[in-house]
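**Q** Could you work out the structure for the sequence below:
(chains A and B)
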Amino acid sequence: MKLRRPLHSFAASLVVALLLSVSALAAQVETGLSVKSQLGVVAAAHPLAAQAGAEILAKGGNAVDAAIAVSYALAVVEPYASSLGGEGYMVISLADGTDVAIDFRSRAPLHVNVHTPGEIGTHQYGIYTTMVPGLVKGTELALKKYGTMTLAEVLEPAIRLAEEGFAVHETYASVAGDAYSTLIQYPYAASIWLDNGLIPEVGTIIRNPDMARALRLIAEHGSDVFYKGEIAEAIERATNGWIDRASLAAYQAYERPVVRGTYRGYEVIGAPPIVSGLRVQETLNILEHFDLKSYGSVTAPEVVHIVSEALKLSGADWNAYSWDPNYYRIPVEALLSKQYAAERAKLIDLNRAQAFEAGDPFTYSAEVGWMLYDTNESASTTHFSVLDKDGNAVAVTQTISSFWGSRIAVEPYGFLMSDHFKQFPKFDPADPFRPDYAAPLKSTKTNLSPTIIKKDGKVRLIAGSPGGVRIPATTVQFIVSMIDFEMTLEEAVLAPKFYPDNDLSLDLEGGFPEETIAALKALGHKVTTRPPLQRVFGALNVVWVDEDGNMWGHGSVRRQGGAAAPLAIEEPAAVY
Amino acid sequence: MRKAASVVLLVALLAGALSAAPAFAAVEAPALITSAGQSPGALMVRVLADQAGVANTYDTLATADALAGAKSLIVVIGASQKGLGAAGIDVNQEYTRVESLLAQAKAQGIPVIAMHVEGAPRRGATSDDLSRLVMRYAQYVIVRADGNEDGFFTQLAQQYGATLRLIDKTADAAAALRDLYGN
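**A** Numbers count the residues shown, from 1 in each chain, chains lettered A, B, ... in the order given. As a prediction, this is how the structure comes out:
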């Protein structure tokens, strides 16, 4: 894999410098669209969040400490995609060989059942879309078990950002504009994230002292204040009892075994069901049966066709067999098997696009699987990647579902609740055993795909993306760009992305050659095209380690992300 | 001689004041606020009109019937594909609706205020087409200055004899509306 510093990094650094001007640095870090370091690196959807992580690394924290700092900083500076009222999935790979996933998905309140979605009616936003949040519990679990710092230490950058404020950038203004007509209907939310009732203009300073207060409480009292204490009471009030204190008190985050596979000699570590690491790995297993590099370019029609077909095959299986593991047994081993992938790969016809049904993985496992599922298409959610100087790696994808979530902000603590509950389907008596019906403390299915890739036991790549149903596609394309085509990190991030669906539609981001588009149409793909670098295709915030051990971070160009690294690591104070 | 000169100066000042004053204190409420292009700008103008104390009705898809009872028409220009999609219409349908509304306003003698408050990011071929349409009927124009860096609205205002007021920030439109409606 080649590496070079991006041509536009100077301009990006200038932008970042402006963005940073509101918030003083507490530790010396380097921030830009792309950074290189040997002391650890962070990439996130906002440069200030990446900086928060690098600051923790500079203070001697490990990757888990830094990841939690990023998680909370994003809740401040990217409030449309992250929140204390949100959730996510974290994959940790430590230098000592420990690989673990932290499931902090949101869960349905205790009082719901399969009939609840039908009884409450259809709601796009508002109280009845909210779920019991997992971010505070999940990050606490990760920190206690795998971190080295206190909550107070890792929350300090987020508290500072919330109090001092940050400057609105184009992405914020655009996302606020898209949601303006609904956001303005929720006065408390509007009072924090709009500008006197208007869409904030670029450069407007957003301060959130209410969230700073919540963060200080969590720093002092831990997650109990959120799930059992005064913040729990505020959540119950804000949701009119829908998210009640009993449900909050019952919430648990889980440590889960990672999904483990290989791709062309690399070890791939992903997140297990109910999220999509399984699908990413199955796709890669199928792709191993094709010499993608022989087609010359990641934008070659053959490559787009083969990757599309592989994604559709894995998507059909994911739709059929991947559910909340607290409720259903998932045929993980079978779906990960190379033999099963070989059978699936044989179904790909190089001369025509196809729709695929789920396969029969049970030859390779005796576990039980289920049925079909539809999900929405949103560019929301956020991903970040952290690597420390010792080689500990963390990949996190966190979300509040739609941009700006439920629009319900918890007063007086300045954070939004997610809107995942609307993804539970209404009960259909003709189809009584669907695995995605609502149930107490059940999670909805999502496509989160935080992924860590190693070679010879060393971390080489940390990847993931937001993008709703497009997340696995964007993640797989990035991995193929890096491993098969040996692109630079910048080239792989910038390369045009695509999203195939099983109705033969193929949505192309701008940048594919006309000959590729014509060839794909000739293969039977129903091609649509969009302008270049569209947010809907995700936002890769990624880390790569080159052959010489240099750590590279790159923020997403589709969402004004950034990367940051410590310039030095503080020595711990001597103890006498 | 000095006295005569003073009188001339006073008359000149008064004339100047009178020629400027009607431009921005001559419109009556209630206003009908609508969109030309379905961007969020129309809703922001409604918020600003409320802040300015301008009585209004707000209908992003207003047709000629909605002019009943209105004493002025505010058309907020800004094309948004997402907004058009959410409204279930295409650009051609939007153009036809706005043109029909403007023609009815003219027939009823209702003054038209064109507003473009989302700045440079809300310029583009579709927005500019809608601007050209609205400016043909507008007597008053309020534009965020960064949306007029190429003089697009200045030139159209001159062409159609409309009074143009440039504002630095979207929020400044509240003061412009206050002046326009004499609040």
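**Q** list the contacts for the nearest residue to A:Ile483 once chain neighbours are set aside?
**A** In space, not counting the residues next to it along the chain, A:Ile483 is nearest to A:Arg264; the distance is 5.7 Å by CB to CB, 6 or more residues apart in numbering or on different chains. Quick note: C-beta positions are derived from backbone N, CA and C, even for glycine. For A:Arg264, the contacting residues are A:Glu288, A:Ile483, A:Asp484, by CB atoms under 8 Å, 6 or more residues apart in numbering or on different chains.
**Q** A:Ala117 contacts A:Phe427, doesn't it?
**A** For residue A:117 the amino acid is Pro, not Ala. Yes: counting by CB atoms under 8 Å, A:Phe427 is a contact partner of A:Pro117 at 7.1 Å.
**Q** what do the two both touch?
**A** A:Tyr437.
**Q** Among the two, which residue is more densely surrounded?
**A** Using other CB atoms under 10 Å in any protein chain shown as the criterion, A:Pro117 and A:Phe427 rank with A:Pro117 on top: 22 against 17.
**Q** ok, and that one, which helix or strand is that part of?
**A** helix A:116-120 (DSSP states H and E).
**Q** can you list contacts of that helix?
**A** A:Tyr128, A:Phe421, A:Lys422, A:Phe424, A:Pro425, A:Lys426, A:Phe427, A:Tyr437, A:Ala438.
**Q** how about the strands of the stretch 351-500 of chain A, start to end?
**A** Here the stretch 351-500 of chain A has its strands, by DSSP state E, counting those that start in this stretch, at A:382-388, A:393-399, A:409-410, A:415-416, A:451-455, A:458-463, A:498-500.
**Q** and what of chain B?
**A** Remark: strands assigned in chain B by DSSP state E are B:31-36, B:56-58, B:72-77, B:112-116, B:140-144, B:163-167.
**Q** What's the local residue count around residue 65?
**A** In the absence of a named chain, this looks at chain A. Should you count by other CB under 10 Å, A:Asp65 turns out to have 27 residues around it.
**Q** nope, chain B please
**A** For B:Asp65, using other CB under 10 Å, the count is 9.
**Q** pretty sure A:Leu292 is in contact with A:Asp484, am I right?
**A** Yes: counting by CB under 8 Å, A:Leu292 does reach A:Asp484; the two are 4.6 Å apart.
**Q** Spatially nearest residue to the residue nearest the centre of chain B, not counting backbone neighbours?
**A** In chain B, the C-alpha closest to the average C-alpha coordinate belongs to B:Ala114, at a distance of 2.2 Å (CA atoms, centre = their mean). For B:Ala114, ignoring the flanking residues on the chain, the nearest one in space by CB to CB, 6+ apart is B:Ala138 at 3.8 Å.
**Q** who touches the one you found in this structure?
**A** B:Val75, B:Val112, B:Ile113, B:Ala114, B:Tyr160, B:Ala162.
**Q** Quick check: the second one vs chain A, distance?
**A** Okay, so that is B:Val112. Distance check for B:Val112 against chain A: by CB to the nearest CB, to the nearest Å, it reads 23 Å.
**Q** For that residue, which residues are in contact?
**A** Counted by CB under 8 Å, 6+ apart, B:Val112 has contacts B:Ser72, B:Leu73, B:Ile74, B:Val75, B:Leu102, B:Ala105, B:Lys106, B:Val134, B:Tyr137, B:Ala138, B:Gln139, B:Tyr140.
**Q** go with 6 Å
**A** B:Leu73, B:Ala105, B:Tyr137, B:Ala138 (CB atoms under 6 Å, 6 or more residues apart in numbering or on different chains).
**Q** can you pull up the bridge partners for it?
**A** Per DSSP bridges, residues listed as beta-bridge partners of B:Val112: B:Leu73.
**Q** mind listing the helices for the stretch 351-500 of chain A?
**A** Ranges of helices in the stretch 351-500 of chain A, per DSSP state H, counting those that start in this stretch, are A:471-483, A:489-494.
**Q** Output the ones you listed in CSV, with mean neighbour count appended to each entry.
**A** Listed next are these as CSV, based on neighbours: other CB atoms under 10 Å in any protein chain shown:
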stretch, mean neighbour count
helix A:471-483, 27
helix A:489-494, 23
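**Q** got TSV for the ones you listed, with distance to A:Asp390 and mean pLDDT too?
**A** Listed next are these as TSV, based on distance: least, CB to CB, whole Å; pLDDT from 0 to 100:
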stretch	distance to A:Asp390	mean pLDDT
helix A:471-483	23	97
helix A:489-494	21	96
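**Q** mind checking which of those helices is nearest B:Phe153?
**A** B:Phe153 lies closest to helix A:489-494 among those, at 35.7 Å (CB to CB).
**Q** Within range of chain A, give me the residues from chain B.
**A** Within chain B, the positions lying close to chain A (CB under 6 Å from any CB of the partner chain) are B:Pro40, B:Leu43, B:Met44, B:Val47, B:Thr170, B:Ala171.
**Q** residues touching the last one, list them.
**A** Going back to what we said before, that points to B:Ala171. A:Leu198.
**Q** repeat that with 8 Å
**A** Contacts of B:Ala171 by CB under 8 Å, 6+ apart are A:Asp195, A:Asn196, A:Leu198, B:Leu48.
**Q** go on, the second one?
**A** When the contact criterion is CB under 8 Å, 6+ apart, the partners of B:Leu43 are A:Tyr180, A:Ser181, A:Ile184, B:Tyr58, B:Thr60.
**Q** In a markdown table: those residues, plus pLDDT.
**A** What follows is the contacts of B:Leu43, written out as a markdown table (pLDDT from 0 to 100):
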| residue | pLDDT |
| --- | --- |
| A:Tyr180 | 97 |
| A:Ser181 | 95 |
| A:Ile184 | 97 |
| B:Tyr58 | 98 |
| B:Thr60 | 97 |
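**Q** Can you say which of these are buried?
**A** Neighbour counting over those (16 or more other CB atoms under 10 Å in any protein chain shown) leaves A:Tyr180, A:Ile184, B:Tyr58, B:Thr60 as the buried ones.
**Q** For the residue nearest the centre of chain A, give me the pLDDT.
**A** Centroid-nearest residue in chain A, with CA atoms, centre = their mean: A:Thr397, separated by 2.4 Å. Confidence at A:Thr397, expressed as pLDDT, is 96.
**Q** Quickly list what it is bridged to.
**A** If you apply DSSP bridges, the partners that A:Thr397 bridges to are A:Tyr89, A:His383.
**Q** And for B:Asp128, nearest residue in space, chain neighbours not counted?
**A** B:Phe152 (6.8 Å).
**Q** need the contact list for the one you found.
**A** Contacts of B:Phe152 (CB under 8 Å, 6+ apart): B:Arg123, B:Asp128, B:Ser131.
**Q** so the first one makes contact with B:Glu149?
**A** No: in this structure, B:Arg123 sits apart from B:Glu149 without contact. The criterion is CB under 8 Å, and the distance is 9.1 Å.
**Q** Give me the neighbour count for A:Gln423.
**A** A:Gln423 has 20 nearby residues by other CB under 10 Å.
**Q** Name the nearest of the contacts of B:Phe152 relative to chain A.
**A** B:Arg123 (14.5 Å; CB to the nearest CB).
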